[in-house]
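Chemist: Model the following, please.
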Amino acid sequence: MVLVPLLSMLLLKQTLSKNAIIGVVVATIGLFLLTATDISGLNIGDVFVFICAICFALHIIFTGKFTSQYPTLLLTIIQLSTVSVLSIFSTVLFENWQAAFHTDVLFSTNVFIALIITSVFATALAFLAQTKFQKFTTTTRVALIFAMEPVFAAVTGFAWAHDRLTNDAIFGCTLIFLGMILPELPFKKRLPGQKVLQEAKRTS
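Modeler: Numbers count the residues shown, from 1 in each chain. A predicted model of the protein is given here:
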């Protein structure tokens, strides 16, 4: 999440308000408290996660850049088609793809429901909505909105699977929520002559 505003400043030359910077920092701390409860050391998986975070940040940035220039449906289809093709090659190279064609897997009710949820709702409709509405906001705010994903996951796990949230996790959820609100608060910019006028009043 921190990578989005940093890369936006580097690649798109976007400037951030003080409230947005504070919101990103607060939400990042909250995300750490919510997810990094069992840290035992770095491993190869952490490297892959970091690379994924960079790619995800770039995806948000370039989606915001091109969503106002091209049709929403076309961009969504191109994104999903590209990922599908790359995933097929990756599956053949690194996964046991033959297992997907077993009859007990193909005709499993749980697998069918999982495919519908993940492919239609969590992927197609989600990316269509992101591509459609990201043109109306900034990349930093989009990153803050995505930071609510683990919060909803934690709340859903608590409600449906009876998971128990630690005090750190609850505090982390609160910080993430505050991080979303802070950029929306009004920020008064001081006029160029206002500081000089205030200094004159103090000396008089």
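Chemist: For the protein, which segments are assigned as helices?
Modeler: 3-11, 18-35, 44-66, 72-94, 103-106, 109-116, 126-133, 139-146, 149-160, 167-181, 194-203 (DSSP state H).
Chemist: Quick check: the gap between residue 92 and residue 19.
Modeler: As judged by Cβ to Cβ, to the nearest Å, residue 92 and residue 19 stand 47 Å apart. To be clear about C-beta, it is placed using only N, CA and C from the backbone, and glycine gets the same treatment.
Chemist: Of the two, which one has the most company?
Modeler: More crowded of residue 92 and residue 19, by other Cβ atoms under 10 Å: residue 19, with 15 against 9.
Chemist: surely the more buried one meets residue 180?
Modeler: No. The criterion here is Cβ atoms under 8 Å, and residue 19 misses it with residue 180 at 11.3 Å.
Chemist: shared neighbours, those two?
Modeler: Between them, residue 19 and residue 180 share no contacting residue under Cβ atoms under 8 Å, 6 or more residues apart in numbering.
Chemist: number of nearby residues for residue 13?
Modeler: 7.
Chemist: give me phi/psi at it?
Modeler: Note on residue 13: backbone dihedrals following degrees, to the nearest 10 are phi 60, psi 40.
Chemist: got it, and residue 163?
Modeler: Per-residue torsions, residue 163: phi -70, psi 150 (degrees, to the nearest 10).
Chemist: pLDDT at the closest residue to residue 175 other than its chain neighbours, what is it?
Modeler: Nearest residue to residue 175 in three dimensions, chain neighbours excluded: residue 30, at 2.8 Å (Cβ to Cβ, 6 or more residues apart in numbering). For residue 30, the pLDDT comes out at 84.
Chemist: for residue 7, same thing?
Modeler: Residue 7 carries a pLDDT value of 80.
Chemist: Understood, closing this out.
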